[in-house]
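Undergrad: when you get a sec, could you give me coordinates for this:
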Amino acid sequence: MSAYEEAVLEMKNIDSLLDQGYNIVYVHENLSGMFVELKKEEERKSVQLLTADARKYLSIKLSEKAG
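TA: Numbering: from 1, shown residues only. Just a heads-up that it's a prediction; the model follows:
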């Protein structure tokens, strides 16, 4: 899978979870990527973003929610 395809897949995954009503509750970034915890009522999901494009995309999503 190309880097572009991997980034698109990660971005679609984030969009899908947000569309399902999950809210981002925790973000941690290190050299291994970005780890995102999402919560919907009592259900939690964790996602690891490995591509820089997906990490930038998540930053934009967070800015949109805050604005």
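Undergrad: contact partners for the residue positioned nearest the centre of the chain?
TA: Nearest to the mean C-alpha position of the chain, by C-alpha atoms, centre = their mean, lies residue 14 at 4.4 Å. By C-beta atoms under 8 Å, 6 or more residues apart in numbering, the contact set of residue 14 is 36, 47, 49, 54, 57-58, 61. Backbone N, C-alpha and C define where each C-beta goes, glycine included.
Undergrad: same deal with residue 29?
TA: Contacts for residue 29 were tallied using C-beta under 8 Å, 6+ apart; they are 35, 55.
Undergrad: C-terminal to the one helix or strand it maps to, what's the next element?
TA: Element membership of residue 29 [criterion: DSSP states H and E] is strand 23-30. Next helix or strand after strand 23-30 toward the C-terminus (DSSP H and E): strand 33-40.
Undergrad: which strands or helices does that following strand pack on?
TA: Applying 3 or more C-beta pairs under 8 Å, 6 or more residues apart in numbering; DSSP states H and E, one finds that strand 33-40 contacts helix 3-19, strand 23-30, strand 43-49, helix 52-66.
Undergrad: repeat that with 7 Å
TA: In terms of contacts (3 or more C-beta pairs under 7 Å, 6 or more residues apart in numbering; DSSP states H and E), strand 33-40 is packed against strand 23-30, strand 43-49, helix 52-66.
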